[in-house]
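*Asks:* Just a sequence and a predicted model for now, questions to come.
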Amino acid sequence: MKVSRSPLAIAAFVLSAASLVLSTGANVQTTLSYATPIILFVAAAVALFASASTSSTIALLILVHVSAYCLISLLGSMGPSGAFLGYWCMVVAAWLLAWLTVQRLAGWRAASPDMQRLINLALPVLFGAWLLILWEVVVRGFGVPAILLPPPSMIAARIATSVPTLWADFQQTYLKAAIAGYAMGCGSGFLAAIIVDRVPFLRKGLLPIGNLVAALPVVGIAPIMVMWFGSYWQSKAAVVVIMTFFPMLVNTVAGLAASGAMERDLMRTYGSSYGQTLLKLRLPAAMPFIFNALKINSTLALIGAIVAEFFGSPIVGMGFRISAEVGRMNVDMVWAEIFVAALAGSLSYGLITLVERAVTFWHPSYRS
């Protein structure tokens, strides 16, 4: 019989075997307390003794997630801080097996591109799901007070009951302030880069000023913008403009200088004007730099809008809600807002990445 030499499989097998022994003497004697270590032991045996084939990996994937469900359900019968030694052996074994499963999935090479994209998408989803599972188990197993760190199940329940409030905050902060400031900041930074490239002496005058503006702390700019533009979304958009202008300016200027000297000489030989050279050579060569700035700014815009709302806003918005709910000790609502912000920022980053792949398909980093 072939035995896997993976340290993860060996450690998971030893821990799952130990949990079988330790669980028999635990205070909690339920069906789950007997079934969970058996399921984990079978999963560890599959990982250790079965070959790393497609069928064994799928079986391991199913067994690991069934054991995770059992581990979380077992917490309900134990109560806070009721986890025993065998339970933590099961938790560590399940985590090691999940790690091994994701590692095997990462090594798959599907025959069709669509299946390969599906596998590539499943990897971060599975890894993120297991981070949430570990968070849930550790917080509830050690009885961590919810005011310090609520479990994901508590945050999910708050999200489910606060959808109208979260949507209103999302509209105010993201759809109004962040997107408007992002468009104006990136657009003005791009145009300023074109001007700097066309007028060389501005490179020595405008870039240092832009660097100075980028170094200004957002906590100092936000109150000033509130005094200038009021407490509504316009002042938050102004903060976002300041935060996103300089990254776009610097990256675009660097991108416009990325085209080779031979290519520029060839364009001059053909009698191309500055505009023709810019549109047909230099801007296409600068696209990776421009999209790099767009991706960086997609997260900066949301952060700037949220932080700006701490210094004056109407009774709606992510930043306002976070500040207000922290004062009321409603930490689950704070985490719900953080989740919405993280989801919006991740989707924005992913959307820009998809557009980048379509525009810069010629770049060496996207060649198969």
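*Replies:* Arrived safely, thanks for sending. Note that this is a predicted model, so its numbers are computed, not measured. Numbering: from 1, shown residues only.
*Asks:* And I352, which helix or strand is it part of?
*Replies:* Per DSSP states H and E, I352 falls inside helix 331-359.
*Asks:* So what's the gap between that helix and the chain middle?
*Replies:* 7 Å (C-alpha atoms, centre = their mean, to the nearest Å).
*Asks:* Give the buried residues for that helix.
*Replies:* 331-337, 339-341, 344-345, 348, 352, 356 (16 or more other C-beta atoms under 10 Å). No exception for glycine: its C-beta is placed from N, CA and C like everyone else's.
*Asks:* just stretch 146-165 next, same as before
*Replies:* Neighbour counts using 16+ other C-beta under 10 Å place P150, P151, P152, M154, I155, A156, R158, I159, S162 of stretch 146-165 among the buried residues.
*Asks:* Ok, stretch 123-134 next?
*Replies:* Residues of stretch 123-134 classed as buried by neighbour count (16+ other C-beta under 10 Å): L126, W130, I133, L134.
*Asks:* Give the next helix or strand downstream of the helix or strand hosting I306.
*Replies:* Secondary structure assignment for I306, by DSSP H and E: helix 283-308. Next helix or strand after helix 283-308 toward the C-terminus (DSSP H and E): helix 318-327.
*Asks:* pLDDT of the helix or strand harbouring W88, averaged?
*Replies:* In this structure, W88 sits in helix 85-106 according to DSSP H and E. Throughout helix 85-106, pLDDT has a mean value of 86.
*Asks:* Can I get it in CSV? Just the C-alpha atoms.
*Replies:* The C-alpha coordinates for helix 85-106 follow below in CSV (Å, rounded to 0.1, in the frame of the first residue of the first chain):
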residue,chain,number,x,y,z
LEU,A,85,-8.5,18.4,24.2
GLY,A,86,-9.7,15.9,21.7
TYR,A,87,-11.9,18.6,20.1
TRP,A,88,-8.8,20.8,19.4
CYS,A,89,-7.0,17.8,18.0
MET,A,90,-9.9,17.4,15.6
VAL,A,91,-9.8,21.1,14.7
VAL,A,92,-6.1,21.0,13.9
ALA,A,93,-6.5,17.8,11.9
ALA,A,94,-9.3,19.3,9.9
TRP,A,95,-7.3,22.4,9.2
LEU,A,96,-4.3,20.4,8.0
LEU,A,97,-6.6,18.2,5.8
ALA,A,98,-8.2,21.3,4.3
TRP,A,99,-4.7,22.8,3.6
LEU,A,100,-3.7,19.5,1.9
THR,A,101,-6.9,19.5,-0.2
VAL,A,102,-6.4,23.1,-1.4
GLN,A,103,-2.7,22.2,-2.1
ARG,A,104,-3.8,19.2,-4.3
LEU,A,105,-6.5,21.3,-6.1
ALA,A,106,-3.8,23.9,-6.9
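*Asks:* ok, the closest residue in space to Y349 that isn't next to it in sequence - how many residues close by?
*Replies:* Leaving aside its chain neighbours, Y349 sits nearest to S298 (5.2 Å; criterion: C-beta to C-beta, 6 or more residues apart in numbering). Residues lying near S298 (other C-beta atoms under 10 Å) number 24.
*Asks:* quick one: contacts for S298?
*Replies:* Going by C-beta atoms under 8 Å, 6 or more residues apart in numbering, S298 touches Y182, G345, S348, Y349, I352.
*Asks:* make it 10 Å
*Replies:* 178-179, 182, 186, 244, 344-353 (C-beta atoms under 10 Å, 6 or more residues apart in numbering).
*Asks:* so how far is L123 from it?
*Replies:* 22 Å (C-beta to C-beta, to the nearest Å).
*Asks:* Packing partners of the helix or strand hosting M227?
*Replies:* Under the criterion DSSP H and E, the helix or strand holding M227 is helix 218-229. In terms of contacts (3 or more C-beta pairs under 10 Å, 6 or more residues apart in numbering; DSSP states H and E), helix 218-229 is packed against helix 233-256, helix 283-308.
*Asks:* now, of those, which is deepest in the fold?
*Replies:* The highest mean neighbour count among the helices and strands packed on helix 218-229, using mean count of other C-beta atoms under 10 Å, belongs to helix 233-256: a mean of 24.
*Asks:* tilt between that helix and helix 283-308?
*Replies:* On the basis of axes from the mean of the first three to the mean of the last three C-alpha atoms, to 10 degrees, helix 233-256 is oriented at 150 degrees to helix 283-308.
*Asks:* and the angle from helix 233-256 to helix 318-327?
*Replies:* Going by the same axes, to 10 degrees, helix 233-256 is angled at 120 degrees with respect to helix 318-327.
*Asks:* Packing partners of helix 233-256?
*Replies:* Counting contacts by 3+ C-beta pairs under 10 Å, 6+ apart, helix 233-256 packs against helix 179-198, helix 201-214, helix 218-229, helix 283-308.
*Asks:* Kindly reformat those as CSV and extend each row with distance to P145.
*Replies:* Compiled in CSV, these are given as follows (distance: least, C-beta to C-beta, whole Å):
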stretch, distance to P145
helix 179-198, 37
helix 201-214, 40
helix 218-229, 29
helix 283-308, 25
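*Asks:* S53 is nearest to which of these?
*Replies:* Counting by C-beta to C-beta, S53 lies closest to helix 283-308 out of those; the figure is 37.8 Å.
*Asks:* Domain map for this protein?
*Replies:* For the chain, automatic domain parsing gives the domain ranges 7-144, 160-366.
*Asks:* May I see the buried residues of the helix holding M227?
*Replies:* By 16+ other C-beta under 10 Å, the buried positions in helix 218-229 come out as V218, I221, A222, M225, V226.
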